[in-house]
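Peer 1: heads up, no residue letters with this:
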Ligand code: NAP
């Protein structure tokens, strides 16, 4: 009795689902289907290139991928190379673990101007994600505004102000390293529509901003309260107290010899991107926080800048053939059960929040539901998919192929760097053929 499961997406939620399936049933067979040749989703394309320790979780995922009950179908896009209906004929269950790859929109005038980027695109660009290799952001500006007070905003600000030496032992894409090194950027404004206590960045990420080689954090001490007020869980209270203590230390960071600044700018919401075709500034409204929400005060100010990065959260795309909740940006589901043999895990189920490990329970829930709902119905699984893709001439990238791409990236790495990323699908395939 072998249940055959297809997991679409090979990021953290996909891998935690496969792992839970393997642990829950000694006979289950799982195929992972991934649009890119490369596995690991946001671990490769989202986690900042200078956070290599975080990326080490891929080694755990690799053990899962190497199970003889798991096969990897990289470079295969559902909807292009194979349809969801075809997968339903081949598999007893299908898990959508495709994440939230798009940017939420600011919804303000001017956001389509040249020089305004969402963080999914901008982070994808510096991380060498093939979708964003051609983004070519113009970094010829002294001032950048990053909108948002989450960890992605901190990542983007930090990567823009770190020195080449600080980035030497990272896997930042060559095109991004060269553009950032050549850029005249001196000031990055990181703007939160609420205050320092409501900010969503975590303490490890915040503290890094006080330890940069050529950059100081600038903060208006009058915006920092004496203590953390409000109703918070014990865990949140501890985090917020740590953040407040860290921010209070920022004015003491020695500026000697440092030429760059990250300005922590609270209580300000963007109302308009200024400029002609290209951004030249941003108009902000000062805010105050009422009942946890940001409220405009009717007082406005402008920041001149040549680049705006909106790091205001991600958004899932509708998955072809699956009902989608536009308001929440997730598939419609009942605790992960989408119906018709389909399940959801990770950001396409929950929305774009939480750390890597938050995806683990999603995978466990999806696996448990599959074992409750599904039995071996004689569906063919792997051989049927492999035959169909071969018939259609799809160049499937196997896990061994990915290891060959990775070996090439490691062989090309500069001294100290973990790899030198190959940034187009064509070049990845060329290294194999
Ligand atoms: P996030 O933590 O939800 O932060 C989004 C930020 O954007 C918030 O400050 C939010 O303000 C602001 N925002 C949303 N809409 C806005 C608007 N219209 N105008 C102005 N500001 C707006 O999201 P994220 O930074 O994209 O991160 C996603 C998840 O990945 C988070 O759970 C994060 O912790 C995780 N992550 C973790 C790491 C790490 O552990 N190192 C690194 C990267 C990402 P409000 O709070 O007022 O809504």
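Peer 2: Good, I have the coordinates. Treat the numbers as computed from the prediction; the structure is a model and nothing was measured. Numbering: from 1, shown residues only.
Peer 1: need the residues of the protein near the ligand, please.
Peer 2: Within reach of the ligand by CB under 6 Å from any ligand atom, the chain has these residues: 106, 147-153, 155, 192-194, 198, 200, 202, 205, 269-270, 294, 311-314, 352-355. All C-beta spots, glycine's among them, are computed from the backbone N, C-alpha and C.
Peer 1: OK, now which residue of the stretch 101-250 of the chain is nearest to the ligand?
Peer 2: Among residues of the stretch 101-250 of the chain, the one nearest the ligand by CB to the nearest ligand atom turns out to be residue 150. It sits 2.2 Å away.
Peer 1: how about the closest residue to that residue other than its chain neighbours, what does it touch?
Peer 2: In space, and not counting its chain neighbours, residue 150 is closest to residue 200: 4.4 Å by CB to CB, 6 or more residues apart in numbering. Residues near residue 200 by CB atoms under 8 Å, 6 or more residues apart in numbering: 149, 150, 151.
Peer 1: could you check the distance from residue 200 over to residue 121?
Peer 2: 20 Å (CB to CB, to the nearest Å).
Peer 1: which one of the contacts of residue 200 has the most neighbours?
Peer 2: residue 149 (25 neighbours; other CB atoms under 10 Å).
Peer 1: returning to that earlier point: put together CSV for the contacts of residue 200, with secondary structure, distance to residue 247 and pLDDT on each row.
Peer 2: Converted to CSV, these look like this (DSSP: H, G, I helix; E, B strand; the rest coil; distance: CB to CB, whole Å; pLDDT from 0 to 100):
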residue, secondary structure, distance to residue 247, pLDDT
149, coil, 11, 98
150, coil, 16, 97
151, helix, 15, 97
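Peer 1: so residue 6 makes contact with residue 34?
Peer 2: No - taking CB atoms under 8 Å as the definition, residue 6 is not a contact partner of residue 34, at 11.2 Å.
Peer 1: mind listing the strands for the stretch 251-400 of the chain?
Peer 2: Assigned by DSSP state E, counting those that start in this stretch, the strands in the stretch 251-400 of the chain fall at 260-265, 268-275, 279-290, 293-304, 307-310, 314-315, 324-325, 330-331, 337-339, 342-344.
Peer 1: Output those strands in a markdown table, with mean neighbour count appended to each entry.
Peer 2: Rendered in a markdown table, the data for the strands of the stretch 251-400 of the chain read as follows (neighbours: other CB atoms under 10 Å):
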| stretch | mean neighbour count |
| --- | --- |
| strand 260-265 | 20 |
| strand 268-275 | 20 |
| strand 279-290 | 18 |
| strand 293-304 | 13 |
| strand 307-310 | 26 |
| strand 314-315 | 22 |
| strand 324-325 | 14 |
| strand 330-331 | 20 |
| strand 337-339 | 16 |
| strand 342-344 | 27 |
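Peer 1: By mean pLDDT, show me the worst of those strands.
Peer 2: Of all those, the segment with the smallest mean pLDDT is strand 314-315, scoring a mean of 92.
Peer 1: What lies in contact with that strand?
Peer 2: Contact partners of strand 314-315, identified using CB under 8 Å, 6+ apart, comprise 99, 100, 101, 102, 103, 104, 119, 120, 329, 347, 352.
Peer 1: a markdown table please, covering those residues and showing pLDDT.
Peer 2: Converted to a markdown table, the contacts of strand 314-315 look like this (pLDDT from 0 to 100):
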| residue | pLDDT |
| --- | --- |
| 99 | 96 |
| 100 | 94 |
| 101 | 90 |
| 102 | 91 |
| 103 | 94 |
| 104 | 93 |
| 119 | 97 |
| 120 | 97 |
| 329 | 90 |
| 347 | 97 |
| 352 | 93 |
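Peer 1: just curious, which of these is nearest to residue 89?
Peer 2: Minimum separation from residue 89 among the contacts of strand 314-315 (CB to CB) is found for residue 99, which lies at 25.2 Å.
Peer 1: center of the protein, which residue is that?
Peer 2: Taking CA atoms, centre = their mean, the centroid of the chain lies closest to residue 46, which sits 3.7 Å from it.
Peer 1: and the residue nearest to it when sequence neighbours are not counted, what are its phi and psi?
Peer 2: Here the nearest residue to residue 46 in space, its sequence neighbours aside, is residue 123; by CB to CB, 6+ apart that works out to 6.0 Å. The phi/psi pair for residue 123 (degrees, to the nearest 10) reads phi -70, psi -40.
Peer 1: that older thread, what separation is there between the residue nearest to residue 150 and residue 264?
Peer 2: 13 Å.
Peer 1: Residue 288 now?
Peer 2: For residue 288, the distance to residue 264 equals 17 Å [CB to CB].
Peer 1: and what of residue 31?
Peer 2: Residue 31 sits 46 Å away from residue 264, going by CB to CB.
Peer 1: try residue 102
Peer 2: Going from residue 102 to residue 264 by CB to CB gives 27 Å.
Peer 1: Could you find the closest non-adjacent residue to residue 371?
Peer 2: Setting aside the residues directly before and after it, residue 371 is nearest to residue 24 in space (CB to CB, 6+ apart), at 5.5 Å.
Peer 1: Next one: that neighbour, what pLDDT does it get?
Peer 2: Note on residue 24: pLDDT of 96.
Peer 1: need the contact list for it.
Peer 2: Neighbouring residues of residue 24 by CB under 8 Å, 6+ apart: 367, 368, 371.
Peer 1: and what of residue 65?
Peer 2: Residues 15, 18, 32, 39, 72, 399 are the ones in contact with residue 65 under the rule CB under 8 Å, 6+ apart.
Peer 1: can you check residue 119 too?
Peer 2: With contact set as CB under 8 Å, 6+ apart, residue 119 has these partners: 103, 148, 152, 153, 156, 309, 310, 311, 312, 314.
Peer 1: Phi, psi for the residue lying closest to the second one once chain neighbours are set aside please.
Peer 2: Closest residue in space to residue 148, ignoring its immediate chain neighbours: residue 311 at 3.7 Å, by CB to CB, 6+ apart. Per-residue torsions, residue 311: phi -110, psi 70 (degrees, to the nearest 10).
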